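A.B. asks: Here is a sequence together with a model predicted from it:
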Amino acid sequence: MLKEYQGALEDLDKAHVLKPNHAWTLRNRATVKIILKEYQGALEDLGKADVLEPNNALTLRNRGDVKYRLKEYQGALEDLDKADVLEPNNALTLRNRGDVKRMLKEYQGALEDLDKADVLEPNNAFTLRTRGDVKYMLKEYQGALKDLDKADVLKPNNALTLRNRGDVKYMLKEYQGALKDLDKADVLEPNNALTLRNRANVKMMLKEYQGALEDLDKADVLEPNNALTLRNRANAKMMLKKSIKEPWRTLTRLMFSNRTMH
């Protein structure tokens with residue numbers, strides 16, 4: 001598949017040489033570069049396309065997407081705002097802008113955009129998954145769970161959906177359900193430090209301290225020097241030590257009690 005996109009890029013490169021100032025060529029070449037994760041090149045092409053053909057909603061929307069991937073969230077928001085003015089009620093623009101606002105922690109604005117996108121284009125797994133995450137941040141846990149359940153039905157076996165739903169279930173104290181989701185996420189996307197760290201939190205609540213410690217050890221290898229991992233691992237070690245000592249204390253008390261009875 002990637003080979004086909006590489007061939008498309010070669011064709012668009014040739015077309016660009018033959019006709020350098022063609023916005024359509026630049027815009028489409030940028031799309032291919034996005035797929036190939038050549039984000040800086042895509043950004044350059046879309047910048048040129050914007051100069052050649054200003055106020056094109058597609059150019060602005062795509063450039064907003066590239067800036068999002070490059071973590072230039074404020075710039076992405078500016079492009080998507082312009083695209084929304086030029087072409088209102090576009091579900092993709094609203095969905096992407098909602099995700100950008102989520103990253104900027106503008107949760108109410110994100111929720112408004114995602115609600116509109118859901119009305120314009122219902123049953124979109126990305127919209128529901130993102131809105132579920134926004135509702136989680138707003139502590140609307142039941143609403144978040146509802147959206148993530150729908151997203152899971154529409155697009156099963158998505159590690160991000162399962163990880164997010166596991167977090168929601170954790171907040172709702174549905175620990176067994178949370179563990180089940182995080183176990184699936186770990187199978188689908190192994191070696192994810194966030195999944196391991198979150199699963200460790202669930203195991204701590206279930207008093208599975210050894211399992212929690214194992215997850216946090218793995219998370220520390222994958223993402224060293226993470227303060228949250230280190231803090232949680234210290235807690236897991238203390239709880240594990242306490243859980244091992246406690247039966248011996250109980251046994252000692254029983255033995256002492258038995259001796260005094262004779």
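C.D. replies: Everything's here; your move.

A.B. asks: Residue 88 in helix, strand or coil?
C.D. replies: Secondary structure state of residue 88, per DSSP: H, G, I helix; E, B strand; the rest coil, is coil.

A.B. asks: For it, the count of nearby residues, please.
C.D. replies: When neighbours are counted by other Cβ atoms under 10 Å, residue 88 registers 11. Quick note: C-beta positions are derived from backbone N, CA and C, even for glycine.

A.B. asks: swap in residue 243?
C.D. replies: Neighbours of residue 243 (other Cβ under 10 Å): 13.

A.B. asks: measure residue 167 to residue 21 for me?
C.D. replies: 49 Å (Cβ to Cβ, to the nearest Å).

A.B. asks: who has more neighbours, the two?
C.D. replies: residue 167 (24 against 12).

A.B. asks: is it true that that one touches residue 199?
C.D. replies: No. Under the criterion of Cβ atoms under 8 Å, residue 167 is not in contact with residue 199, lying 10.2 Å apart.

A.B. asks: which one is the residue sitting nearest the centre point of the chain nearest to, not counting chain neighbours?
C.D. replies: In the chain, the residue lying closest to the centroid (Cα atoms, centre = their mean) is residue 160, at 5.6 Å. Nearest non-adjacent residue to residue 160, counting by Cβ to Cβ, 6 or more residues apart in numbering: residue 129, 6.5 Å away.

A.B. asks: What confidence value was assigned to residue 242?
C.D. replies: pLDDT, residue 242: 85.

A.B. asks: Give me the neighbour count for it.
C.D. replies: 11.

A.B. asks: got it, and residue 94?
C.D. replies: 25.

A.B. asks: With only the CA atoms kept, save stretch 74-83 in CSV.
C.D. replies: The C-alpha trace of stretch 74-83 is given here as CSV (Å, rounded to 0.1, in the frame of the first residue of the first chain):
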residue,chain,number,x,y,z
GLN,A,74,-2.9,27.1,17.9
GLY,A,75,-2.0,27.4,14.3
ALA,A,76,-4.2,24.4,13.5
LEU,A,77,-7.1,26.1,15.3
GLU,A,78,-6.6,29.3,13.2
ASP,A,79,-6.7,27.3,9.9
LEU,A,80,-9.8,25.3,11.0
ASP,A,81,-11.6,28.5,12.1
LYS,A,82,-11.1,30.0,8.7
ALA,A,83,-12.2,26.8,7.0
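
A.B. asks: Looking at that stretch now, give me its mean pLDDT.
C.D. replies: 98.

A.B. asks: Tell me the gap between it and the middle of its chain.
C.D. replies: 21 Å (Cα atoms, centre = their mean, to the nearest Å).

A.B. asks: Distance of residue 97 relative to residue 132?
C.D. replies: 17 Å.

A.B. asks: quick one: what helix or strand has the residue nearest to residue 160 in it?
C.D. replies: When elements are assigned from DSSP states H and E, residue 129 belongs to helix 125-137.
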